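> pasting the structure only:
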């Protein structure tokens, strides 16, 4: 009989992947796998590595806070076209993009001739209260 092109014969007992119970001559017996990750070496903790990982001094409580917070002196000036909102109630200064400031300013009342210090009545983005605020556009 002729073999068809592309046909694969089923494996016969004698290869490296053959079952061990068949008793075929020349079959290679594999030990059973303990788990699925048996090729990953287990971790060994050396005493030198363990001693190096334990710090001698207490952890720096301000380190992470110093990396991820902006201080007043190190912060950069607001970007061109941004709006700074300063609240009279909470005293916070919030920098908003032009679109965000437009959304925050609707609805609002602006009385620059009657109230010189905080001329705009709108919701503060920092505290969420409707209060008098000062707006400054960065040009």
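Happy to help now that I have it. None of these values were measured; they are calculated from a predicted model.
> which residues are in contact with stretch 126-139?
By C-beta atoms under 8 Å, 6 or more residues apart in numbering, the surrounding residues in contact with stretch 126-139 are 77-90, 92, 94, 101, 105, 115, 117-124. To be clear about C-beta, it is placed using only N, CA and C from the backbone, and glycine gets the same treatment.
> What ranges does the protein have for its strands?
All strands of the chain, identified by DSSP state E, fall at 83-87, 93-96, 109-110, 120-123, 130-137.
> doesn't residue 124 make contact with residue 108?
No. The pair residue 108 and residue 124 does not pass the contact test of C-beta atoms under 8 Å, sitting 11.0 Å apart.
> Those two - which one has more neighbours?
For residue 108 versus residue 124, neighbours defined as other C-beta atoms under 10 Å are more numerous around residue 124 (21 against 13).
> Next, the contact list for that one, please.
Going by C-beta under 8 Å, 6+ apart, residue 124 touches 85, 87, 89, 90, 92, 94, 130, 131, 133.
> Okay, now the unreliable bits of this protein?
For the chain, applying pLDDT under 70 flags the ranges 1-61, 69-75.
> Please repeat the previous calculation with a cut-off of 90.
1-81, 98, 101-102, 104-108, 110, 112-117, 128, 137-139 (pLDDT under 90).
> for it, what spans make up the helices?
Here the chain has its helices, by DSSP state H, at 47-53, 63-68, 98-104.
> list the buried ones in the last one?
If I follow you right, that is helix 98-104. For helix 98-104, the neighbour count (16 or more other C-beta atoms under 10 Å) marks 101, 104 as buried.
> Tell me which of the strands of the chain sits nearest to residue 64.
strand 93-96 (23.7 Å; C-beta to C-beta).
> looking just at contacts, which helices and strands does the closest one meet?
strand 83-87 (3 or more C-beta pairs under 8 Å, 6 or more residues apart in numbering; DSSP states H and E).
> can you list contacts of the strand it packs on?
Looking at strand 83-87 with C-beta under 8 Å, 6+ apart, the contacting residues turn out to be 78, 92-98, 100-101, 104, 118, 124-127, 129, 131, 133-138.
> Nice, that's everything, thank you.
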